[in-house]
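[1] what follows is a predicted structure for the sequence shown.
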Amino acid sequence: MSSELLVDLGEDPATAQLGQLKLATLEDQQWPADDATLSKSATEMSQQFDADSPHLPWDHPYYDIARHQIIEVAGDDNFGRKVIVFNSCRMPPHHELDHHKLLMYLKGTLDQYVESDYTLIYFHHGLTSENKPSLGWLRDAYREFDRKYKKNIKALYIVHPTMFIKTLLILFKPIISFKFGRKINYVSYLSELEDVVKCDQLVIPARVKEYDNKLIAALKPSAQPPMSPPRSPPLPDQVFGVPLQTLRERSPDDDCVPVVMRNTINFLSEQGLEIEGIFRRSANVTLVKDVQLRYNSGENVSFGEMEDVHLAAVILKTFLRELPEPLLTYQLYNDIVNFTSVPVENQVTTMKTMLETLPEENYAALRYLITFLAQVSANSEVNKMTNSNLAVVFGPNLLWGRDNAMSLSAIGPINNFTKILLDQQHLVFN
């Protein structure tokens, strides 16, 4: 993957020429129907969420933004950082979109993660003269994101960059800080993203995939980008990406709590409870992969020997995120996303009833995790990880939709459910 710093091509690049740059080919001017958007009319939209349509209710003030699924959250990247995705090709023509509301919606998404390390992936393909926002809006948008947003963004990946976007960044160089400029990476082909994030956890629009295929087909064989290596078959002692039931069956003592969870939580209980920002920092990707390989090879792993609290924290989140089915299961997805409609006085009873339907190993692992997180929040005056902060970190790692990515509208209720579970864990698990 190439990482290009912004290069000064002269002090006076002709700003007027920017609007004349060719943004896309003729076929890109077509606006194919987004199945997710057109599957239900506004009058048919339920007041509640459902697993197949994670949009806000039709009468929500941001419904007209959320329904396009321009902005999504896609779990953690290979470094343990939260991933925010922006899809240009899902932006409707500019006269049909309130760009100020889009900016507020993006800020609302980032507000949940700016205290943690995060990554932004921007799919540029599909930005055309029909839907591109004005230069003034882009300038104001950059200025709107103050230090709070820029501090913990570790990388901005611009996928399928064009001369337009590169020229735009050159023009904006006077207002882009040097530190932020170093975080900008150009990604020419989707396969290059595998160095950053597992692409199958991203819901990449079909138009972007088709465009990527066209780019690759147009190359000479000698210039073809390297193909993603085929996924290796599971190792006999595979731990990551394996169902909880399988891990339990392999356990010599029928333990419902996987060894990765026991190891990481035991270590963090001893060494991490007073670490400020625990679970908010990323870890060295080489170390993360090495620890995963050791677990998957059946080796014993001692975090005490490595003495890296953030590595253990990332391994715990990674294990949860790589489960074939989320710890809270797809079966409970609708009930959890709709939990906000449950009266406060009934929430504990309803939550207990819901969680008791979980498979035994899921329930045991969840209880083990939540009991530990209660210890973390009990030290929040030192580590700054309150139940609200822990819910933002762990909510998307406990539950996600079948397509992996989630819009802001689904993440809010999931995080809310997680916070209530943390608040009431002593009653739910009594």
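    Alright, I've got the coordinates.

[2] Leu97 touches Ser88, doesn't it?
    No: Leu97 is beyond contact range of Ser88, at 11.8 Å (criterion: Cβ atoms under 8 Å). For the C-beta atoms, the positions are set from N, CA and C on the backbone; glycine is no exception.

[3] so which residues of the stretch 301-430 of the chain form helices?
    Ranges of helices within the stretch 301-430 of the chain are 303-306, 309-321, 333-337, 347-355, 360-378, 380-383, 387-398, 408-423, 425-428, based on DSSP state H, counting those that start in this stretch.

[4] so which of those gets nearest Phe79?
    Closest approach to Phe79 among those is made by helix 309-321 (7.6 Å; Cβ to Cβ).

[5] neighbour count winner among Leu97 and Ser88?
    Ser88 (23 against 17; other Cβ atoms under 10 Å).

[6] tell me which element the closest residue to the more buried one other than its chain neighbours falls in.
    In this structure, Ser88 finds its nearest non-sequential neighbour in Leu127, 4.1 Å apart by Cβ to Cβ, 6 or more residues apart in numbering. According to DSSP states H and E, Leu127 maps onto no helix or strand at all.

[7] what of the one 10 residues further on?
    Take DSSP H and E as the rule and Trp137 turns out to sit in helix 135-144.

[8] sorry, back to before: and the residue nearest to Ser88, how many neighbours?
    Leu127 has 21 neighbours, counted by other Cβ under 10 Å.

[9] shaky segments in the stretch 301-430 of the chain?
    Within the stretch 301-430 of the chain, the ranges that satisfy pLDDT under 70 run 403-409.

[10] so Ser116 lies in a helix, does it not?
    No: assessed with DSSP: H, G, I helix; E, B strand; the rest coil, Ser116 is coil; it does not lie in a helix.

[11] tell me the pLDDT of the closest residue to it other than its chain neighbours.
    Nearest non-adjacent residue to Ser116, counting by Cβ to Cβ, 6+ apart: Arg280, 4.0 Å away. For Arg280, the model assigns a pLDDT of 88.

[12] Arg280 contacts Val393, correct?
    Yes: with contact defined as Cβ under 8 Å, Arg280 counts as touching Val393 (6.9 Å).

[13] overlap in contacts, those two.
    116, 385 (Cβ atoms under 8 Å, 6 or more residues apart in numbering).

[14] stretch 122-138: end-to-end distance?
    End-to-end distance for stretch 122-138, by Cα to Cα, to the nearest Å: 14 Å.

[15] equivalent analysis for stretch 337-357, please.
    Taking Cα to Cα, stretch 337-357 runs 16 Å from one end to the other.

[16] can you list the residue ranges for strands in this structure?
    Here the chain has its strands, by DSSP state E, at 71-76, 82-87, 118-123, 153-159, 184-187.

[17] got any ranges where the stretch 101-250 of the chain has weak pLDDT?
    220, 222-234.

[18] mind doing that once more with 50?
    Scanning the stretch 101-250 of the chain for pLDDT under 50 picks out nothing.

[19] ranges for the helices of it?
    For the stretch 101-250 of the chain, the helices defined by DSSP H, counting those that start in this stretch occupy 135-144, 147-150, 163-171, 178-182, 206-217, 244-250.

[20] can you tell me how far Arg262 is from Val301?
    11 Å (Cβ to Cβ, to the nearest Å).
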